[in-house]
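J.: Need a 3D model of the sequence below.
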Amino acid sequence: MGPLASRGGQTPTGGVNPYLTRRETFLLGLGLAGGASSAAMAAPPEQLTYGVHVSLPPAWFDPAETTGLITPFMLLYALHDGMVKAMPGQLQAASLAESWSTTEDGLTYDFVLRKGALFHNGDAVTAEDVKFSFERYHGSDHSLLKQRVEVVETPDPQHVRTKLKQPWPDFLTFYAGATGAGWIVPRKYVEKVGDDGFKKAPIGAGPYKFVSFTPGIELVLEAFEPYWRNAPRVKRLVLKVIPDESTRLAALKRGEIDIAYSIRGELAEELLHTPGLSLKAVVVQGTFCVYFADQWDPKSPWHDPRVRRAASLAIDRTTINQALTMGQSRITGSSVFPDTFEFYWQPPAPIHDPAEAKRLLAAAGFPNGLDAGFYFCDSSYSNIAEAVVNNLREVGIRAKLRPIERAGFIKGFTDKTYKNLIQAGPGAFGNVATRLESLVVSGGPFTYGSYPDIDALFPQQAAELDHGRRTAILHKMQQMVHERTMFAPIWQLAFINGIGPRVAESSFGRIPGFPYTAPYEELALKGA
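T.: As a prediction, the model looks like this:
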């Protein structure tokens, strides 16, 4: 990643760029290629503008509706604040809670609130807001939280006491990042305007406050000067929705935006060699894989582990990695567990062997291949899906690509409406146990089926307070997931972004595994 981030688009000779692609040649004719446009100089001096790769549904404005994805945290880190959250150098940093303690029996957590923390309407953050935010939370894993938490008490306005029904070593992991339950909203305001009114005009305690939202177009935020950590250095943020990658890159070159999320393949090469622009690749906790949604249906070809194994052997991960993410994605062999997570078990390296894939298909009764139905994916990652579908076709697995815009894709995934093949890319905070809960064991938001012996181990690890014994259980569970080929792993994503010449500090990569810019209050523009 170092060389990619440092080259900054400078040509070796200082003259004509020798790396022009056909796309750049075409854009030159339109005046869109070459160096960053002087239009950047005309941009508002205290405004930073993003080109965002996905739509921004209002549900992401409300922590109570957080799904088991990392994407909503792109907005939560700006608009809201958590009791405890991942920050640079700390996965569980004190935020609205300036400190906390746990009783020896592991049943009680006492939080002390930070004095002087304010919501955007000027109200102080109190214990009642914390209790209210937990109790109204209905996003991913809300049932698990409600099952394990006995009560949330508020001894006084600056203290919150959470009592568990039984010891749960992962309480803070779920509360602080794997869910939105610990991200605090103002009780009085929400009760006044209602849930729908809150999503139309959200008020949080984060470094930026809501100004306006035009669906499908842009979200505008303004610095909240009294933010407790420090006043944001950039006064105004504009998040423009630009789903098309080539359009995002063109806007970055023209100086219409300052940061372009998710630039891949040939476009990333263009970005890398454009004077005035720089590229930042961040390997995130997003693990891409193919989920065999019908593996529990005896009538489905995916019920046969040989067919699932054949699909995995068909994927040429190294070639796809070079073509789409410049070789920066991490090929670990793990399906849904990033190698940075606590309790990670390292599986064997994945193999690309089309001949063995065809042999397994024939042994399973498909010597001429099979019609695999739809391959569902988030449309913002359809280029990965296209490459995988092509690999599958080469061994005789004929799938039809079905890209769906992210919000709709996630709804279909969690509503369990898909069949056949689903390209999953879980990127939420947490640890191995939180990923198992979301994607593997019975009742998970993204779980279409489960295996009883794996399910039986999950409550055992959750109740095990000895770290070594718990690690052994979680390693065994990951090994079982791998051996059954519940998923075909692709890679741990390198999220590649473009940065314009006005940006002094982008905050990419400051929070380990987080794909977006944060902390937002540390963003800086040159000369501002």
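
J.: now for the longest helix along the chain, which elements pack on it?
T.: Criterion DSSP state H: the longest helix present in the chain is helix 467-483. Secondary-structure packing of helix 467-483 (3 or more CB pairs under 8 Å, 6 or more residues apart in numbering; DSSP states H and E): helix 432-439, helix 452-463. No exception for glycine: its C-beta is placed from N, CA and C like everyone else's.

J.: angle of the following helix or strand past it against helix 432-439?
T.: Downstream of helix 467-483, the first helix or strand assigned by DSSP states H and E is strand 487-499. Orientation check (axes from the mean of the first three to the mean of the last three CA atoms, to 10 degrees): strand 487-499 against helix 432-439 gives 110 degrees.

J.: which residues touch the residue nearest the centre of the chain?
T.: Nearest residue to the geometric centre of the chain (CA atoms, centre = their mean): Ile70, 2.9 Å. Ile70 makes contact with Val284, Gln285, Gly286, Gly427, Ala428, Phe429, Phe514, Pro515, Tyr516 under the criterion CB atoms under 8 Å, 6 or more residues apart in numbering.

J.: ok, of those, which one's closest to Lys358?
T.: Nearest to Lys358 among those is Gly286, at 30.6 Å by CB to CB.

J.: Now that closest one: closest residue in space that isn't a chain neighbour?
T.: Gly427 (3.4 Å; CB to CB, 6 or more residues apart in numbering).

J.: Let me know whether that neighbour touches Tyr516 as I believe.
T.: No. Checked against CB atoms under 8 Å, the pair Gly427 and Tyr516 is beyond contact range at 10.2 Å.

J.: next helix or strand past the helix or strand harbouring Glu135?
T.: In the assignment (DSSP H and E), Glu135 maps to helix 127-136. With elements assigned by DSSP H and E, the helix or strand that comes after helix 127-136 is helix 142-148.

J.: mind listing what's buried in that following helix?
T.: Neighbour counts over helix 142-148 (16 or more other CB atoms under 10 Å) mark His142, Leu144, Leu145, Arg148 as buried.

J.: next helix or strand past it?
T.: strand 149-156.

J.: other SSEs contacting that following strand?
T.: Using 3+ CB pairs under 8 Å, 6+ apart, strand 149-156 sits against helix 127-136, strand 159-164.

J.: Quick check: neighbours of the last one in the sheet, parallel or antiparallel?
T.: The one in question is strand 159-164. strand 108-113 (antiparallel), strand 149-156 (antiparallel) (DSSP bridges).

J.: Please work out which of the ones you listed is packed deepest.
T.: Highest mean neighbour count of these: strand 108-113, a mean of 20 (counted as mean count of other CB atoms under 10 Å).

J.: so how far is that strand off the chain centroid?
T.: The chain centre lies 28 Å from the centre of strand 108-113; the measure is CA atoms, centre = their mean, to the nearest Å.

J.: now it: mean pLDDT?
T.: Mean pLDDT, strand 108-113: 98.

J.: Please apply the same query to stretch 202-213.
T.: 98.

J.: any residues touching that stretch, and which ones?
T.: Against stretch 202-213 from outside (CB under 8 Å, 6+ apart): 56, 58, 61-62, 76-81, 96, 117-121, 125, 183-186, 189, 201, 219-224, 227, 229, 232, 236-237, 519-521.

J.: Between the two ends of it, what distance do you get?
T.: For stretch 202-213, the first-to-last residue distance is 11 Å (CA to CA, to the nearest Å).

J.: Can you point out the buried residues in it?
T.: Buried-residue list, stretch 202-213, by 16+ other CB under 10 Å: Pro202, Ile203, Gly204, Ala205, Gly206, Pro207, Tyr208, Lys209, Phe210, Phe213.

J.: Inside helices: which ones of those residues?
T.: Going by DSSP H, the helices hold none of the buried residues of stretch 202-213.

J.: Among those, which pair sits farthest apart?
T.: Ala205 and Phe213 (18.8 Å).

J.: Turn the buried residues of stretch 202-213 into JSON lines, including distance to Thr340.
T.: Output for the buried residues of stretch 202-213, formatted as JSON lines (distance: CB to CB, whole Å):
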{"residue": "Pro202", "distance to Thr340": "31"}
{"residue": "Ile203", "distance to Thr340": "33"}
{"residue": "Gly204", "distance to Thr340": "28"}
{"residue": "Ala205", "distance to Thr340": "28"}
{"residue": "Gly206", "distance to Thr340": "25"}
{"residue": "Pro207", "distance to Thr340": "25"}
{"residue": "Tyr208", "distance to Thr340": "27"}
{"residue": "Lys209", "distance to Thr340": "32"}
{"residue": "Phe210", "distance to Thr340": "32"}
{"residue": "Phe213", "distance to Thr340": "33"}
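
J.: just the buried members of the contacts of stretch 202-213?
T.: By 16+ other CB under 10 Å, these give 56, 58, 61-62, 76-81, 96, 117, 119-120, 125, 183-186, 189, 219-224, 227, 232, 236-237, 519-521 as buried.

J.: hmm, back to that, do you know how far the residue nearest to the centre of the chain is from Ile410?
T.: Per CB to CB, to the nearest Å, Ile70 is found 12 Å from Ile410.

J.: So in that sheet, which strands flank the longest strand seen in the chain, and in what orientation?
T.: Scanning the chain for the strand with the most residues, using DSSP state E, yields strand 278-292. Strand 278-292 sits in its sheet next to strand 421-424 (antiparallel), strand 487-499 (antiparallel), going by DSSP bridges.

J.: so how far is the shortest one from its chain's centroid?
T.: On the basis of CA atoms, centre = their mean, strand 421-424 sits 16 Å off its chain's mean C-alpha point.

J.: before we move on, what about stretch 304-321?
T.: 24 Å.

J.: And stretch 63-74, by the same measure?
T.: 9 Å.

J.: Do me a favour and get the end-to-end distance for it?
T.: End-to-end distance (CA to CA), stretch 63-74: 12 Å.

J.: what about the longest strand of the chain, distance to the chain center?
T.: Using CA atoms, centre = their mean, the offset of strand 278-292 from its chain centre is 9 Å.

J.: Specify the next element, helix or strand, located C-terminal of that strand.
T.: helix 305-314.

J.: And stretch 484-492, what's buried?
T.: Buried-residue list, stretch 484-492, by 16+ other CB under 10 Å: Thr485, Met486, Phe487, Ala488, Pro489, Ile490, Trp491, Gln492.

J.: Nearest to Ile499 among these?
T.: Distances from Ile499 to the buried residues of stretch 484-492, taken by CB to CB, are shortest for Gln492, at 22.2 Å.

J.: Give the bridge partners for the closest one, please.
T.: Thr287, Arg330.

J.: No further questions, thank you.
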